[in-house]
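>>> Sequence and predicted structure below; questions after.
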Amino acid sequence: MLLSMLLLYLLMGSVELYFLYRKQGKSKDVKIYLSIFSLVIILYLLGMFEIIDRNFASIIKIW
Amino acid sequence: MNNNKLTERQAISIMAMFTLGTGMITGGAIPAAENAWLAMLIAILVSFPIQMMYARMLSNYPGKNILQITDITFGKFISKIFSIIFLWNGIYLSALLIRIFDQFMSVVGLNATPQIIIITVIIIIAMQMLKSGIKVFGKWSELFLYILFFYFIFIPLTLIPLLNIDNIVPIMYDGIEPVYKGVLYAIAFPLTQNFIFLLYFNNFKEKKSYYKVFAIGPAFGAFLLFIVVIFTILVIGKNNYVESVFPPYLPIRRISIGRFFQRIEMILLLEYIYVAFVKVVASLFSALISFQHLFNLKNYKTFVIPITLLVGVLSYLTDSDYLDYHYITSEVYLPYAIVVNILVPFIIFIAEEIKLKRDSKKKI
């Protein structure tokens, strides 16, 4: 199930990114989009393979 | 057409539904136990000056949002730091809210559905709303607030036979401390969370509209939440209210009219979903607008999909056990909320007032 959702996320992000790239070329928007989208996919993979713990809510404990 | 212009009524609807928000699912002022209703009333009064502070901040510079105001008062560099704080808060809050939403759906109906599926469905619907813009969001909220009235007329009436006044008396039996904790909890979650509207409730024609929206919206939402809280306690009692994961859901399961009209909670569940959805979308809007300001972008709509996907993934990573989440909201989120929702806007407010005074002196 996690893999199917990963494919869905990849599809959603990459299709929009492709159209954005065709419209704007290597613009600032495309670069920012690509960075965030990569972050999403990396976080997803880390969560999927349980490399990072699922305790994001506790991050404010640093406070 | 300006896609960001909201009418007063739309803004009040969004704010009322936002304040009611996930409180309708998780209950309000929980640390106050049987006195939660009293804590809610006190919290409405205590948070009123804070709401007026928010309104004044926007009315001082009509048409500008809080980050554009910090550009003027603090300069570009410090304004970017505020953008990061607001962006972080928008993303963190959205992730938490989606997690509550997802957990609620799992508990009440979709027990066998994987968590990631529920999260993905929520974020896809949220994406559509975010792409449509704030104006459509306002119209949608206005419509669904009317539908919500059905809930608030129907539920109290049908719960009357189940009410037990012994559940709320004696008042303040355990002293003032639980009430004090409940008031703080209610102020942090949800009464001052509406500071996120400083990011996009900035297009009213008249100055008094800001005060009207920030006075009526949260007070009306909190009053509806007060109704939810008092009816829940009167029906299920103190212990169930404190110990249950989703206390307001328990009374509606008991509704039964003449034996033939029962098990209607699935219909009423829709109301919970609409209200929680408004809160999720409102906080996502705040994240996107902060993001737009941080990177000097022309339009936030291009980034709806990646930011929403990021929030979806973070909400999946929020916690593996919902009981951890309970600890976080009651112990850790409270000081965080007081700093981010009250202290940070207060610092900006003071700087803004000083700047305005200096500017008026220069003119003289």
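That came in fine, so what should we check first? Values in this document were obtained by computation on a predicted structure and should not be read as measured data.
>>> which one's the longest helix in the chain?
Reading this off chain A. The longest helix of chain A (DSSP state H) is helix A:2-24.
>>> that's the wrong chain, I wanted chain B
Looking across chain B with DSSP H, the single longest helix is helix B:207-243.
>>> so what secondary structure elements neighbour the longest helix of chain A?
Judged by 3 or more C-beta pairs under 8 Å, 6 or more residues apart in numbering or on different chains; DSSP states H and E, the packing partners of helix A:2-24 are helix A:28-48, helix B:115-132, helix B:304-316. (Glycine included, C-beta is placed from N, CA and C.)
>>> Show the secondary-structure elements that the longest helix of chain B is packed against.
In terms of contacts (3+ C-beta pairs under 8 Å, 6+ apart), helix B:207-243 is packed against helix B:8-20, helix B:23-26, helix B:36-60, helix B:134-159, helix B:249-253.
>>> quick check: angle from it to helix B:134-159?
Angle of helix B:207-243 versus helix B:134-159, following axes from the mean of the first three to the mean of the last three C-alpha atoms, to 10 degrees, is 40 degrees.
>>> Low-confidence regions, the chain specifically.
Assuming you mean chain A. Scanning chain A for pLDDT under 70 picks out the ranges A:63.
>>> nope, chain B please
Across chain B (using pLDDT under 70), the flagged ranges come out as B:1-4.
>>> Quick check: B:Ser59 touching B:Lys212?
No. With contact defined as C-beta atoms under 8 Å, B:Ser59 and B:Lys212 do not form a contacting pair (10.5 Å).
>>> residues from the stretch 1-150 of chain B in reach of chain A?
Neighbours of chain A within the stretch 1-150 of chain B, by C-beta under 8 Å from any C-beta of the partner chain: B:92, B:95-96, B:99, B:114, B:116-117, B:120.
>>> Of those residues, select the buried ones using a PyMOL command.
Buried residues among the residues of the stretch 1-150 of chain B next to chain A (16 or more other C-beta atoms under 10 Å in any protein chain shown), as a PyMOL selection:
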select buried, chain B and resi 92+95+96+99+116+117+120
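>>> Export the residues of the stretch 1-150 of chain B next to chain A as CSV, with columns for distance to B:Ile216.
Formatted as CSV, those follow (distance: C-beta to C-beta, whole Å):
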residue, distance to B:Ile216
B:Tyr92, 28
B:Ala95, 29
B:Leu96, 26
B:Arg99, 30
B:Pro114, 41
B:Ile116, 39
B:Ile117, 38
B:Thr120, 35
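>>> How about B:Asn35: what's its closest non-neighbour residue?
B:Val179 (5.0 Å; C-beta to C-beta, 6 or more residues apart in numbering or on different chains).
>>> related to what we said a few turns ago, so which of the helices and strands packed on helix B:207-243 is the most packed in?
Scoring these by mean neighbour count under mean count of other C-beta atoms under 10 Å in any protein chain shown gives helix B:23-26 as the most buried, with a mean of 27.
>>> and the gap between the most centrally placed residue in chain A and chain B?
The residue lying closest to the centre of chain A (C-alpha atoms, centre = their mean) is A:Val40, at 1.9 Å. Taking C-beta to the nearest C-beta, to the nearest Å as the measure, A:Val40 falls 5 Å from chain B.
>>> isn't the residue nearest to B:Asn35 right up against B:Met40?
No. Under the criterion of C-beta under 8 Å, B:Val179 makes no contact with B:Met40, lying 10.3 Å away.
>>> Can you confirm whether stretch B:335-351 lies near chain A?
Yes. With C-beta under 8 Å from any C-beta as the measure, stretch B:335-351 is seen reaching chain A through B:335-336, B:339.
>>> on that earlier part again, do you know which of the helices and strands packed on helix B:207-243 lies nearest B:Leu191?
Proximity to B:Leu191, assessed across the helices and strands packed on helix B:207-243 by C-beta to C-beta, is greatest for helix B:36-60 (4.2 Å).
>>> Can you give the distance of the closest one from its chain's centre?
How far helix B:36-60 lies from its chain's middle: 13 Å, per C-alpha atoms, centre = their mean, to the nearest Å.
>>> Also stretch B:89-109?
Mean-position distance between stretch B:89-109 and its chain equals 12 Å (C-alpha atoms, centre = their mean).
>>> And it, what's buried?
Neighbour-count burial for stretch B:89-109 flags B:89-106, B:108 (criterion: 16+ other C-beta under 10 Å).
>>> From those, which land in helices?
Secondary structure from DSSP H places B:89-106, B:108 of the buried residues of stretch B:89-109 in helices.
>>> Do I have it right that B:Arg99 meets B:Asp324?
No. Counting by C-beta under 8 Å, B:Arg99 sits too far from B:Asp324 to count as a contact (10.6 Å).
>>> tell me, what's touching the two both at once?
A:Ala57 (C-beta atoms under 8 Å, 6 or more residues apart in numbering or on different chains).
>>> I'd guessed B:Leu97 sits against B:Val278; true?
No. Using C-beta under 8 Å, B:Leu97 is not in contact with B:Val278; the gap is 10.2 Å.
>>> shared neighbours of those two, which are they?
With C-beta under 8 Å, 6+ apart as the test, B:Leu97 and B:Val278 both reach B:Gly21.
>>> before we move on, the earlier item: out of the helices and strands packed on helix B:207-243, nearest to B:Ser83?
Among the helices and strands packed on helix B:207-243, if distance is taken as C-beta to C-beta, the winner is helix B:36-60, at 15.9 Å.
>>> what packs against the closest one?
helix B:66-74, helix B:177-186, helix B:207-243, helix B:344-363.
>>> got the ones you listed as TSV, with distance to B:Thr158 and mean neighbour count columns?
Converted to TSV, these look like this (distance: least, C-beta to C-beta, whole Å; neighbours: other C-beta atoms under 10 Å in any protein chain shown):
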stretch	distance to B:Thr158	mean neighbour count
helix B:66-74	43	21
helix B:177-186	26	21
helix B:207-243	10	21
helix B:344-363	41	14
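>>> Right, and chain A sits closest to which residue of the stretch 151-300 of chain B?
Residue of the stretch 151-300 of chain B nearest chain A, by C-beta to the nearest C-beta: B:Phe295 (5.9 Å).
>>> rewinding a little: render the CA-only coordinates of the longest helix of chain A in PDB, please.
Taking C-alpha atoms only, helix A:2-24 is exported to PDB below (Å, rounded to 0.1, in the frame of the first residue of the first chain):
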ATOM      1  CA  LEU A   2       2.800   2.400   0.900                       C
ATOM      2  CA  LEU A   3       4.500   1.600  -2.500                       C
ATOM      3  CA  SER A   4       1.200   2.400  -4.400                       C
ATOM      4  CA  MET A   5       0.900   5.700  -2.600                       C
ATOM      5  CA  LEU A   6       4.600   6.500  -3.300                       C
ATOM      6  CA  LEU A   7       3.800   5.900  -7.000                       C
ATOM      7  CA  LEU A   8       0.800   8.200  -6.800                       C
ATOM      8  CA  TYR A   9       2.800  10.900  -5.100                       C
ATOM      9  CA  LEU A  10       5.500  10.600  -7.700                       C
ATOM     10  CA  LEU A  11       3.000  10.800 -10.500                       C
ATOM     11  CA  MET A  12       1.200  13.800  -9.000                       C
ATOM     12  CA  GLY A  13       4.400  15.800  -8.400                       C
ATOM     13  CA  SER A  14       6.300  14.800 -11.600                       C
ATOM     14  CA  VAL A  15       3.500  15.500 -14.000                       C
ATOM     15  CA  GLU A  16       3.000  19.000 -12.600                       C
ATOM     16  CA  LEU A  17       6.800  19.600 -12.500                       C
ATOM     17  CA  TYR A  18       7.100  18.500 -16.200                       C
ATOM     18  CA  PHE A  19       4.400  21.000 -17.300                       C
ATOM     19  CA  LEU A  20       6.000  23.700 -15.200                       C
ATOM     20  CA  TYR A  21       9.400  23.000 -16.700                       C
ATOM     21  CA  ARG A  22       7.900  23.100 -20.300                       C
ATOM     22  CA  LYS A  23       6.300  26.400 -19.500                       C
ATOM     23  CA  GLN A  24       9.100  28.100 -17.600                       C
END
